[in-house]
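Trainee: Quick one, what's the 3D model for this:
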Amino acid sequence: MVATHLAGEIPMSDPWIECVPNFSEGRRPEVIASLGAAIAAVPGVVVLDVHSDRDHNRSVITFAGPASSVAEAAFAAIRLAAQKIDLNQHQGEHPRIGATDVVPFVPLAGAGLEDCVALARRVGQRVGEELGIPVYLYEAAATRPERVNLENLRRGEYEGLREAISTDPARAPDFGPARLGPAGATVIGARPPLIAFNVYLTTSDVSIAKQIARTVRASSGGLPCVKALGLEVDGRAQVSMNLTDFRRTSLTTVVEAVRQEAERRGVGLERSELVGLIPLQAMLGVAGEALRLEGFQAEQILEVRLAEARGGEPAPSDFIERLAAATPTPGGGAAAAQAGAMAAALVAMVAGLTRGKKKYADVEPRMRAMHTAAEDLRHRLATAATKDSAAFEAVLQAMRLPQGSDEERAHRASAIDRATRQAALVPLTVAEDAGAVAELGAETAEAGIVSAISDSASAVALARAAFQAAALNVRINAQSLEDRAAAEPWEAALGAADRRIHAAEQRVRQAVQARAGLR
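Mentor: This next block holds a predicted model:
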């Protein structure tokens, strides 16, 4: 196994997307290097990690950048892999159907899963049409329910798919020809962050690893959001796992489950390893659980505080000063996002105060999950404040375009319309996130520490304010569109968020009456 990490200053002013392609090559360093070089050669892309495993005969390259750059880099890598890797000659422990086996797109700050779905479908169509490689869409981009799970698409691996693709309609690709060449097929999709994690046992008996994998994986009735295989790697039995939602099942929970199952079979844990990168919140959860730290947060990490001080999210006081300035931005949309971020912060506070209290031991796991979810929403909403200002600046720039000729006027009108649509989408996301925050706030009011119930209620009140301000910005921008029909889905989304907040408000009123004795 070889893993490398490439450091450097990464600009994050524009929304970024992560891509984590898995290539069926882990034994030829020159091929792996050429794939990484092809990705890094695309302007705007940063290669973050390269992980190779000889036994798996597989490499995972993690890179990120703006959507257009990421799409181009992914395509370049898929094209090169098709030239360098012959599946007829490939052997390895890990299941595979293609030279570029799977290409997931993952939203980073400022991007949504829907952006990654669109990117996956665009890249998939291009790969199918220009490279003649069959493409299957999976996870959030899947076109059929049975294609959501990657293991369904890998069933039979390359050899089985080679026979079935042209004869079984259920195995027909989403893009590209219904036949396999030496490059096989490629699975492309969109998903949230995933943790690839392996545990090595103190035995070479792979049957034990397979038994443990069967016990812990979700599809066999084990741990939620865990996928697992039993393999033999480096002369050791390995439980190879993917955690698709670390908020529901943490790394600590997974390791403990594997340890217990191993001990039942008379073996122990030798070591573990990460494949690729891991979200900071996941490691914070592990540290907090291991050390039994109450209220442990990212802001207590030295490097996180330094990053914020050197240009991360603005402090609230700085934002308020800029809001009060006689400038068009930040404005009401950014203020709505900050209000939502404060609501999420209150939820995180209440969940953190509840954790570790004996009286609330029965809700401990849920409070841990709620704390993580609230923190994610807080960062997302704080980022949206900057995004909203940038979107409105784009509208102002479009309005400054020349309009002397008919052609210039048409170009200006088109630019204003495009910018206005984007300026509506940012507060629309804020409104939807406000609904999610309100629901979390209601739950902490019902089950969290009772001494902080007023904070839970305040979170829901702030979420309502964030929603109202964001919705106003959406509707005002919608009125500026020439095609009013384009805004109809926005109104439907606002209605759904409004109903979520209304229901949360009712729950909070009932919780306050029941738990705090207020009438």
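Trainee: tally of neighbours for residue 89?
Mentor: Residues contacting residue 89 under the criterion other C-beta atoms under 10 Å number 7. Glycine gets a C-beta too; all of them are placed from N, C-alpha and C.
Trainee: what's the helix or strand for residue 188?
Mentor: Residue 188 belongs to strand 186-190 when assigned by DSSP states H and E.
Trainee: What strands line up against that strand, and which way round?
Mentor: According to DSSP bridges, strand 186-190 forms sheet pairs with strand 100-107 (parallel), strand 135-139 (parallel).
Trainee: Mean pLDDT and distance to residue 192 for those - can I get that in a markdown table?
Mentor: Shown next, in a markdown table, are the strands paired with strand 186-190 (pLDDT from 0 to 100; distance: least, C-beta to C-beta, whole Å):
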| stretch | mean pLDDT | distance to residue 192 |
| --- | --- | --- |
| strand 100-107 | 95 | 7 |
| strand 135-139 | 96 | 9 |
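Trainee: which helices and strands sit right next to the longest helix along the chain?
Mentor: Scanning the chain for the helix with the most residues, using DSSP state H, yields helix 406-447. Using 3 or more C-beta pairs under 8 Å, 6 or more residues apart in numbering; DSSP states H and E as the contact criterion, the elements in contact with helix 406-447 are helix 332-354, helix 364-399, helix 453-479, helix 488-516.
Trainee: which of those helices sits most buried?
Mentor: Scoring those by mean neighbour count under mean count of other C-beta atoms under 10 Å gives helix 332-354 as the most buried, with a mean of 26.
Trainee: follow-up on the earlier one: so which of the helices and strands packed on helix 406-447 is nearest residue 189?
Mentor: Set against residue 189 and scored by C-beta to C-beta, those come closest in helix 364-399, at 21.0 Å.
Trainee: could you give me the average pLDDT of the closest one?
Mentor: Averaged across helix 364-399, the pLDDT comes to 83.
Trainee: now that helix and strand 100-107, what's the angle there?
Mentor: Angle of helix 364-399 versus strand 100-107, following axes from the mean of the first three to the mean of the last three C-alpha atoms, to 10 degrees, is 80 degrees.
Trainee: what are the ranges of the helices in the stretch 151-300 of the chain?
Mentor: 157-164, 206-216, 251-264, 280-291 (DSSP state H, counting those that start in this stretch).
Trainee: Just give me how far the longest one sits from the chain centre.
Mentor: Distance of helix 251-264 from the chain centroid (C-alpha atoms, centre = their mean, to the nearest Å) equals 26 Å.
Trainee: Pull out the buried residues from it.
Mentor: For helix 251-264, burial by neighbour count (16 or more other C-beta atoms under 10 Å) applies to 251-255, 257-259, 261-262.
Trainee: Convert the C-alpha atoms of it to CSV, please.
Mentor: Output of helix 251-264 as CSV, limited to C-alpha atoms (Å, rounded to 0.1, in the frame of the first residue of the first chain):
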residue,chain,number,x,y,z
LEU,A,251,-15.5,4.9,13.1
THR,A,252,-15.4,4.1,16.8
THR,A,253,-18.6,2.1,16.5
VAL,A,254,-17.3,0.2,13.5
VAL,A,255,-13.9,-0.7,15.1
GLU,A,256,-15.6,-1.9,18.3
ALA,A,257,-18.0,-4.1,16.3
VAL,A,258,-15.2,-5.7,14.3
ARG,A,259,-13.1,-6.2,17.5
GLN,A,260,-16.0,-8.0,19.3
GLU,A,261,-16.7,-10.2,16.3
ALA,A,262,-13.0,-11.0,15.9
GLU,A,263,-12.6,-11.9,19.6
ARG,A,264,-15.6,-14.2,19.3
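Trainee: In TSV, list the strands paired with strand 186-190 along with distance to residue 493 and mean neighbour count.
Mentor: Listed next are the strands paired with strand 186-190 as TSV, based on distance: least, C-beta to C-beta, whole Å; neighbours: other C-beta atoms under 10 Å:
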stretch	distance to residue 493	mean neighbour count
strand 100-107	18	26
strand 135-139	22	26
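Trainee: right, and those strands - which one's nearest residue 273?
Mentor: strand 100-107 (19.3 Å).
Trainee: Identify the residues contacting the following helix or strand past that closest one?
Mentor: Note on strand 100-107: by DSSP H and E, the next helix or strand toward the C-terminus is helix 113-126. If you take C-beta atoms under 8 Å, 6 or more residues apart in numbering as the criterion, helix 113-126 is touched by 15, 17, 67, 70-71, 74-75, 103, 105-107, 135, 137, 140-141, 174-175, 186, 188-192.
Trainee: Quick one: distance of the helix or strand residue 38 falls within to the chain centre.
Mentor: Per DSSP H and E: residue 38 is located in helix 29-40. Distance of helix 29-40 from its chain centroid, counting by C-alpha atoms, centre = their mean, is 25 Å.
Trainee: quick one, it and strand 100-107 angle?
Mentor: Helix 29-40 and strand 100-107 meet at an angle of 30 degrees, taking the same axes, to 10 degrees as the criterion.
Trainee: Residue 171: what's it in contact with?
Mentor: Going by C-beta under 8 Å, 6+ apart, residue 171 touches 161, 164-165.
Trainee: From residue 227, how far off is it?
Mentor: According to C-beta to C-beta, to the nearest Å, residue 171 and residue 227 sit 21 Å apart.
Trainee: go on, residue 59?
Mentor: For residue 59 relative to residue 227 (C-beta to C-beta), the value is 19 Å.
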